[in-house]
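Undergrad: curious how this folds, go ahead:
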Amino acid sequence: MSFDTDILIAGGGLNGPALALALAQAGFDVTVVDARAAPARAAGNFDGRGYALALASKRLLTAIGVWDQVADQAEPMRDIKVSDGRAGEGPAPFFMHFDHREIEEGPMGFMLEDRFLYRAFLNAMEAEAKITLISGTEVTDQAVDVSGVTVTLSDGSSKRARLLVGCDGRQTGVGTRAKIKRTGWGYGQTALVCAIKHEKLHNGVAHQFFMPPGPLAILPLPNNMCSIVWSESDEAAKAINALSDEDYMAVLRPRFGDFLGEIELAGSRFTYPLSLSVANEFVAQRVALVGDAAHGMHPIAGQGLNAGLRDVAALAQILSEAQQRGEDFASALVLARYQEWRRFDTATLVATTDLTNKLFSNDNPLLRAARDLGMGVVGAMPGLRRTFMREAAGLNGELPKLMQ
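TA: All right, here's what the predicted structure looks like:
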């Protein structure tokens, strides 16, 4: 039976294009189906989405030919400071400070806006003859048989591939149609997201300030700006988001503090509800899930996209090695290797982010004392501190070749 493409990827966000480029370089013909009109997204202004790319993720982007296009828009994260406290009172005495000079590889990561990264992916896909991008349509149905999968698109056309990969987010249609169940819950929190201009230099330092309603992340961007991801209860976030820009900033300033001098809003404000949603299986017959389609987690450690890019690197390696050995790369045996590789790492990361959010997003005095003591211990032990830093940089565990 003939095939239109080797691998069809449903979802053209960031993981989808990254996977397409990695697979094309390995010799596969790839089709990416993106529900959104690609040029419109690439041309947009700041939409609140910025990513803390771990060093391992930067290595992947370099390997697939994307990093050089975005390097000028990326801000190195040289230090990370983690503290606990209450709005307006400042941080507790104990905190963690991760200094990139304690590891040999350089900055632990880079901050990069979505619009720049997506535009680079779009340019790279357009330049790759083995990638076909179909934008402005989506996969509406899929039918699997022993040799492949046939998908139906919203424009009425159909495509046949050996493997279907769902990169279509937490509400994954690919996973739902494959009857993959999910486990998850809401956190009762909403992230308030914006960009801030400030008076003093941030010097590439990222801050995570834990407060009882939820964490405040202050992440360095180029041009003396920071991306703010500020978690509040759903009810409080709704009320804050309804305020004028001036009143919004009046609520943010006591939480932010004055360590960067005067601050002001730069651009629009956004909100995103926070929840956990993990697929019970990452694979089904001739189907694999990647990124948020496999695991959507709390942004507390900024690891969502990084975990997805690890999926990308692992799946590309598994499929490429199977193809080189003459195996059916979309067989259940091959896909099981991908699931086995990524499942434990993902489960650990999901459990860590979930537990951290629950441990820090409260004002219990006993928990507060315990967590502040714990941060003090980590901060005082160089070996343990470096372990945390390497974890933040994405350098621990079994790294796929594209991330080495």
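
Undergrad: could you use CA atoms for every contact and neighbour count after this?
TA: OK.

Undergrad: quick check: longest strand of this protein.
TA: Longest strand of the chain, by residue count under DSSP state E: strand 182-198.

Undergrad: buried ones in that one?
TA: For strand 182-198, a neighbour-count test (16 or more other C-alpha atoms under 10 Å) marks Arg182, Tyr187, Gln189, Thr190, Ala191, Leu192, Val193, Cys194, Ala195, Ile196, Lys197, His198 as buried.

Undergrad: mind putting the residues you listed into a markdown table with distance to Gly374 and pLDDT?
TA: Below are those laid out as a markdown table (distance: C-alpha to C-alpha, whole Å; pLDDT from 0 to 100):
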| residue | distance to Gly374 | pLDDT |
| --- | --- | --- |
| Arg182 | 33 | 97 |
| Tyr187 | 24 | 93 |
| Gln189 | 25 | 95 |
| Thr190 | 27 | 96 |
| Ala191 | 26 | 94 |
| Leu192 | 28 | 96 |
| Val193 | 29 | 93 |
| Cys194 | 31 | 92 |
| Ala195 | 31 | 91 |
| Ile196 | 31 | 94 |
| Lys197 | 33 | 94 |
| His198 | 31 | 96 |
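
Undergrad: for those residues, give me CSV that also has distance to Gly88.
TA: Output for the buried residues of strand 182-198, formatted as CSV (distance: C-alpha to C-alpha, whole Å):
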residue, distance to Gly88
Arg182, 39
Tyr187, 24
Gln189, 20
Thr190, 20
Ala191, 19
Leu192, 18
Val193, 20
Cys194, 20
Ala195, 20
Ile196, 18
Lys197, 20
His198, 18
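
Undergrad: outside of the longest strand of the chain itself, list whatever touches it.
TA: 48-49, 213-214, 224-234, 237, 241, 260-280 (C-alpha atoms under 8 Å, 6 or more residues apart in numbering).

Undergrad: please indicate which of those are buried?
TA: Judged by 16+ other C-alpha under 10 Å, buried ones among the contacts of strand 182-198: 48-49, 213-214, 224-234, 237, 241, 263, 265, 269, 271, 273-279.

Undergrad: C-alpha coordinates for the helix or strand that the longest strand of the chain is followed by, CSV please?
TA: Reading on from strand 182-198 to the C-terminus, the next helix or strand found by DSSP states H and E is strand 205-211. Extracted C-alpha coordinates of strand 205-211, given in CSV (Å, rounded to 0.1, in the frame of the first residue of the first chain):
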residue,chain,number,x,y,z
VAL,A,205,19.4,36.3,36.8
ALA,A,206,16.1,34.4,37.0
HIS,A,207,14.1,34.6,40.2
GLN,A,208,11.5,32.2,41.6
PHE,A,209,9.7,33.7,44.6
PHE,A,210,7.3,31.3,46.3
MET,A,211,4.3,32.9,48.0
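
Undergrad: ok, the longest strand of the chain: who's next to it in the sheet?
TA: Sheet pairing of strand 182-198 (DSSP bridges) gives strand 225-233 (antiparallel), strand 263-265 (antiparallel), strand 270-279 (antiparallel).

Undergrad: host element of Arg253?
TA: helix 245-256.

Undergrad: neighbouring contacts of that helix?
TA: Arg86, Ala87, Gly88, Glu89, Gly90, Leu216, Ile240, Asn241, Ile263, Glu264, Leu265.

Undergrad: for the chain, just list every one of the helices.
TA: Taking DSSP state H, the helices of the chain run over residues 15-25, 38-42, 55-63, 67-70, 114-127, 173-177, 234-241, 245-256, 304-324, 332-360, 365-380, 382-392.

Undergrad: pLDDT score for the residue nearest to the spatial centre of the chain?
TA: Geometric centre of the chain, nearest residue: Leu305, 1.6 Å, by C-alpha atoms, centre = their mean. pLDDT, Leu305: 93.

Undergrad: now do Pro93, the pLDDT please.
TA: 65.

Undergrad: with the one 3 residues further on instead?
TA: Among the per-residue scores, Met96 shows a pLDDT of 77.

Undergrad: just list the residues touching it, thanks.
TA: With contact taken as C-alpha under 8 Å, 6+ apart, Met96 is in contact with Ile80, Lys81, Val82, Ser83, Met375, Gly376, Val378, Gly379.

Undergrad: equivalent analysis for Thr353, please.
TA: With C-alpha under 8 Å, 6+ apart, Thr353 has these contacts: Met297, His298, Pro299, Ile300, Ala301.

Undergrad: in this structure the first one contacts Gly291, no?
TA: What it means is Met297. No - using C-alpha atoms under 8 Å, Met297 is not in contact with Gly291; the gap is 10.1 Å.

Undergrad: between the two, which contacts overlap?
TA: Common contacts of Met297 and Gly291 (C-alpha under 8 Å, 6+ apart): Gly304.

Undergrad: buried ones in the helix holding Arg253, by neighbour count?
TA: Buried-residue list, helix 245-256, by 16+ other C-alpha under 10 Å: Tyr248, Met249, Leu252, Arg255, Phe256.

Undergrad: hang on, Thr152 packs against Val139?
TA: Yes - assessed by C-alpha under 8 Å, Thr152 is found in contact with Val139 at 5.8 Å.

Undergrad: neighbour count winner among these two?
TA: Val139 (25 against 16; other C-alpha atoms under 10 Å).

Undergrad: re earlier: so which of the strands paired with strand 182-198 is nearest Phe3?
TA: strand 270-279 (28.2 Å; C-alpha to C-alpha).

Undergrad: dump that closest one to PDB, keeping only the CA atoms.
TA: Output of strand 270-279 as PDB, limited to C-alpha atoms (Å, rounded to 0.1, in the frame of the first residue of the first chain):
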ATOM      1  CA  PHE A 270      -2.400  37.200  29.600                       C
ATOM      2  CA  THR A 271      -3.900  34.500  31.800                       C
ATOM      3  CA  TYR A 272      -3.500  30.700  31.600                       C
ATOM      4  CA  PRO A 273      -5.300  28.200  33.900                       C
ATOM      5  CA  LEU A 274      -2.900  25.800  35.600                       C
ATOM      6  CA  SER A 275      -3.500  22.000  35.700                       C
ATOM      7  CA  LEU A 276      -1.900  18.600  35.500                       C
ATOM      8  CA  SER A 277      -2.700  16.300  32.600                       C
ATOM      9  CA  VAL A 278      -0.700  13.200  31.900                       C
ATOM     10  CA  ALA A 279      -1.400  10.400  29.300                       C
END
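
Undergrad: all set, thanks.
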